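Q: build me a structure from this.
(2 chains)
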Amino acid sequence: DAGVIQSPRHEVTEMGQEVTLRCKPISGHNSLFWYRQTMMRGLELLIYFNNNVPIDDSGMPEDRFSAKMPNASFSTLKIQPSEPRDSAVYFCASSPRLGSLDSNQPQHFGDGTRLSIL
Amino acid sequence: RKEVEQDPGPFNVPEGATVAFNCTYSNSASQSFFWYRQDCRKEPKLLMSVYSSGNEDGRFTAQLNRASQYISLLIRDSKLSDSATYLCVVNRNTGFQKLVFGTGTRLLVSP
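A: All right, here's what the predicted structure looks like:
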């Protein structure tokens, strides 16, 4: 079975440019999560969706970040304009269901996008 | 103070050794707990859930102490392939699965 698919794997761009990261969750999973990982702060949840609806975006750092999930099989995380401090590894994860009764459902992570803003 | 705290390590152990990692969490309302493993430049993967009564999966044993808000992972008979970063993870359980990750403990197993 295909896992969570992220693209691109690596992105290097100059500050001020728009960056779009893409994610395809595992088929049948209706919960999707975007994380950012840095050495200093570890893995931080940015936003999560349930059935394509954003449930909690309190982790989104600022207005330069936005995320969408137009359908069950695709999500994007956009940074506009990008800044050097946005450099990090961005992970997308999905899980089968989201709810208090399913709190032990594992999250399956994609390979991540390594983003470098110069 | 971070919501989930771990010793970053690295823990350097020889093959065959037993090693234990600890983790503390600050949110007493947390309901579910996990250990994830992350290899260098790879994605995190679920290692095991942590149950109140403690649980074992082969060479790995996880324990939870709710009173002290403390989670542990014990690895027996360490293998070279156990070298990785081990992430302590807590579910805030705000009605939805909202995972909070520790920054990880690095383990290096040497021949």
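Q: ramachandran coordinates for residue B:81?
A: phi -70, psi -10 (degrees, to the nearest 10).
Q: how close does the closest residue in space to it that isn't next to it in sequence get to chain A?
A: Distance criterion CB to CB, 6 or more residues apart in numbering or on different chains; nearest residue to residue B:81, sequence neighbours excluded, is residue B:109 at 7.9 Å. The C-beta positions use only the backbone N, C-alpha and C, and glycine is treated the same way. Counting by CB to the nearest CB, to the nearest Å, the gap from residue B:109 to chain A is 22 Å.
Q: low-scoring stretches of chain B, by residue?
A: For chain B, the stretches with pLDDT under 70 are B:93-96.
Q: which of the helices or strands spans the most centrally placed residue in chain A?
A: In chain A, the residue lying closest to the centroid (CA atoms, centre = their mean) is residue A:34, at 2.5 Å. In the assignment (DSSP states H and E), residue A:34 maps to strand A:31-38.
Q: could you pull out the strands for chain B?
A: For chain B, the strands defined by DSSP state E cover B:4-6, B:11-14, B:19-25, B:32-38, B:44-50, B:55-57, B:60-65, B:70-75, B:84-91, B:99-101, B:105-110.
Q: hang on, I meant chain A
A: Counting by DSSP E, the strands of chain A are A:5-7, A:10-13, A:19-24, A:31-38, A:42-50, A:53-56, A:65-71, A:74-79, A:88-95, A:108-109, A:113-117.
Q: do you know which of those strands lies nearest residue B:66?
A: When those are compared for distance to residue B:66 using CB to CB, the nearest one is strand A:42-50, at 23.1 Å.
Q: just how off-centre is that closest one within its chain?
A: 7 Å (CA atoms, centre = their mean, to the nearest Å).
Q: close to chain A: what parts of chain B are there?
A: B:31-32, B:34, B:42-46, B:49, B:87, B:91, B:93-104 (CB under 8 Å from any CB of the partner chain).
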